[in-house]
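Engineer: next come a sequence and a model predicted from it.
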Amino acid sequence: MPQPDPQQPETPESSSPSSARAWPAAGELPVATISDAMERFGVAEGIRPLWRGAALSGRAFTVWTRPGDNAGLHAAFEQIRRGEILVVSGGGDETRALIGELVAEKALALGVGGIVLDAAARDVVELERVGVPVFARAVTPAGPWKTGPYRLGETVAVGGVAVAPGDWVVGDDDGVAIVPAGRVDGVVAATHELLRGEGERREANRRLVPRG
């Protein structure tokens, strides 16, 4: 029996109407062009993939936590659905890693589509081996606190961008962009139009010849 693609969210009866639409898969559309389609807004500043080739695409499941504390992440794992992206507002703290190898393995088992941290991570080599795409502000070997407080499912700020539950989160080697759920269709269409224009300019560049 074919296995479900962890990058493609399920569409349970209780989900919002937007969850029934299949958004572009991870790596299908460049984050840079998506940002261009949003007037160059929506890019989470300072959030980078932890290894080359990491890519994600899915609906946001948001966590707001005390800096350096990952109790909220473990609570989120009790609710997050297959293919959703765990988006964590950790105050930009770089002194404590909110995830490492064991958390990534748990995310993999639950079908989480990726993790975006406005905070730090650790165990980078092991995270790449596990294969769950992780985007973070920093890397540190220091582990997290686990006492809270935290909040789940609220609008949060990540890299200076507001992220609401259900927004489209997309990441690649260039970083992470956030597209409000109600704008996804329009942004996807505009991104395809920009890509067509880039293709035309690329062809024109190939026809250029040196002067002299």
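Structural biologist: Sure thing, it's come through.
Engineer: need the residues that contact the lengthiest helix in the chain.
Structural biologist: When the chain is parsed with DSSP state H, its longest helix is helix 184-206. With Cβ atoms under 8 Å, 6 or more residues apart in numbering as the test, helix 184-206 has contacts from 18, 21, 23-24, 29-30, 33-34, 36-38, 168, 179. Where C-beta positions appear, they are placed from N, C-alpha and C, glycine not excepted.
Engineer: I'd say residue 147 and residue 72 touch.
Structural biologist: No: contact criterion Cβ atoms under 8 Å: residue 147 and residue 72 do not qualify, at 10.5 Å.
Engineer: give me the distance between the longest helix of the chain and the centre of its chain.
Structural biologist: Its chain's C-alpha centre and that of helix 184-206 lie 22 Å apart, by Cα atoms, centre = their mean, to the nearest Å.
Engineer: for stretch 105-123, same thing?
Structural biologist: Averaged C-alpha coordinates place stretch 105-123 at 10 Å from its chain's average position (Cα atoms, centre = their mean).
Engineer: pull the CA atoms of that stretch into CSV?
Structural biologist: Output of stretch 105-123 as CSV, limited to C-alpha atoms (Å, rounded to 0.1, in the frame of the first residue of the first chain):
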residue,chain,number,x,y,z
GLU,A,105,13.0,11.4,15.7
LYS,A,106,9.7,12.0,17.4
ALA,A,107,8.7,14.5,14.8
LEU,A,108,9.5,12.0,12.1
ALA,A,109,7.4,9.3,13.7
LEU,A,110,4.4,11.7,13.8
GLY,A,111,4.8,12.7,10.2
VAL,A,112,5.6,16.4,11.0
GLY,A,113,6.5,18.2,7.8
GLY,A,114,9.3,20.3,9.3
ILE,A,115,10.3,22.5,12.2
VAL,A,116,11.0,26.3,12.1
LEU,A,117,12.6,27.7,15.2
ASP,A,118,13.1,31.4,16.1
ALA,A,119,15.5,29.8,18.5
ALA,A,120,18.5,27.4,18.5
ALA,A,121,18.9,23.7,17.7
ARG,A,122,21.6,21.1,18.3
ASP,A,123,22.8,17.7,17.0
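Engineer: buried ones in that stretch?
Structural biologist: Using 16 or more other Cβ atoms under 10 Å as the test for burial, stretch 105-123 gives 105-107, 110-123.
Engineer: ok, stretch 26-38 next?
Structural biologist: For stretch 26-38, a neighbour-count test (16+ other Cβ under 10 Å) marks 26-27, 29-38 as buried.
Engineer: need the contacts of helix 184-206 in JSON lines (columns: pLDDT).
Structural biologist: Below are the contacts of helix 184-206 laid out as JSON lines (pLDDT from 0 to 100):
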{"residue": "18", "pLDDT": "42"}
{"residue": "21", "pLDDT": "60"}
{"residue": "23", "pLDDT": "87"}
{"residue": "24", "pLDDT": "94"}
{"residue": "29", "pLDDT": "97"}
{"residue": "30", "pLDDT": "97"}
{"residue": "33", "pLDDT": "97"}
{"residue": "34", "pLDDT": "98"}
{"residue": "36", "pLDDT": "97"}
{"residue": "37", "pLDDT": "97"}
{"residue": "38", "pLDDT": "97"}
{"residue": "168", "pLDDT": "98"}
{"residue": "179", "pLDDT": "98"}
